[in-house]
Each structure stands twice: as structure tokens, then as C-alpha cells.
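K.L.:
I would like to see how this sequence folds:
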Amino acid sequence: MNVIAVGLDLVDVARVERLLDRHGTRALDRLLIGEEREYCLSQAVPARHVAARIAAKEATYKALSQAGTDRVIWWHHVEVTRDRNGRPTIEFHGRGRESAEELAVSDSLLSITHSDTAAAAVVILLR
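P.N.:
From the prediction side, this is the model:
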């Protein structure tokens, strides 16, 4: 496998907390897809996990852009799921899937982390 592109993003948890306080479920509906939302809301501090998913989606967008795709990718075109061992993975939908196919992405690697103040994600696209 060859690395096509790498994306990295960092999100401030306090900013996500303010977003959720102001816009609540409307923000969650705009940013997250089904299981992502359920997972985040089931956690003790949902904003940390929402921030991590925002970082993962932004990192994925950056990786797709770096690799040469010029498609517009929206929040719902990238989903952060968890494999059977609980590790985060990326699933592409709609334009995200089209971009990944155009670039011949065979796999993606995702690493996310968060603290009380920040969440970060790194995405590596492979061919």
C-alpha cells in the first residue's frame, strides 16, 4: 500500500461546548450521522467526542484535498465509526465516497485523541 495523503486537525473542546450550548441538537444533526451522534451523547462529556469527530472529518477533508480532489465534502460525507475492537475508522458516503474512489483509496487510517481542552485527529489515505 502507498500513502496518498495525510490530513491533521485540532479542535478546541470549549468551542464545541459553546456550539452545543447555543445550537444543541441542530448542531449535532448538521455535524454527525446516526451512530456518531448516539456514541457522543452516551459519553460523560459529549463535547470532547464531538470535537474528536469534527477533527477527524476535517482531517479527512484535508487529506482528500491534498490528494487532488476538488469535490465539496460536507459533514455527512464522512462518518467516524468504530470497528469491533472499538478503534475509530472512516466511512465515506456520497461525495466523500466519490472522491475516495476517484483517488483509488483502498483504505484509510484514523487516529483520534482528546483531552479536557482539545481534540485532534490524523487521517492517512492509502492506495
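K.L.:
Give me the spatial nearest neighbour of Y39, chain neighbours excluded.
P.N.:
H49 (6.7 Å; C-beta to C-beta, 6 or more residues apart in numbering). Where C-beta positions appear, they are placed from N, C-alpha and C, glycine not excepted.
K.L.:
ok, that neighbour - contacts?
P.N.:
Residues counted as contacts of H49 (C-beta atoms under 8 Å, 6 or more residues apart in numbering) are Y39, C40, Q43, H114, A119.
K.L.:
how about a cut-off of 7 Å?
P.N.:
Y39, C40, Q43 (C-beta atoms under 7 Å, 6 or more residues apart in numbering).
K.L.:
which of these lies closest to R26?
P.N.:
C40 (14.8 Å; C-beta to C-beta).
K.L.:
Show me what the helix or strand harbouring the closest one is in contact with.
P.N.:
Assigned by DSSP states H and E, C40 belongs to helix 34-41. Outside helix 34-41, the residues within contact range by C-beta under 7 Å, 6+ apart are L28, L32, P46, H49, V50, R53, E79, V80, T81.
K.L.:
What of stretch 114-127?
P.N.:
1-14, 48, 51-52, 55-56, 59-60, 63, 67, 90, 103-113.
K.L.:
and that stretch, how far out from the chain's middle?
P.N.:
Centroid separation for stretch 114-127 versus its chain: 8 Å, with C-alpha atoms, centre = their mean, to the nearest Å.
K.L.:
Identify each buried residue in the helix holding C40, please.
P.N.:
E36, R37, Y39, C40 (16 or more other C-beta atoms under 10 Å).
K.L.:
Moving C-terminal from the helix or strand containing V11, which element do we reach first?
P.N.:
Element membership of V11 [criterion: DSSP H and E] is strand 3-12. Downstream of strand 3-12, the next assigned helix or strand under DSSP H and E is helix 13-31.
K.L.:
in that next one, what's buried?
P.N.:
For helix 13-31, by 16+ other C-beta under 10 Å, it's V13, V16, E17, L19, L20, L28, L31.
K.L.:
one step back: can you check what angle separates the helix holding C40 from helix 13-31?
P.N.:
150 degrees (axes from the mean of the first three to the mean of the last three C-alpha atoms, to 10 degrees).
K.L.:
Which helix or strand lies directly C-terminal to helix 34-41?
P.N.:
Per DSSP H and E, the first helix or strand lying C-terminal to helix 34-41 is helix 46-66.
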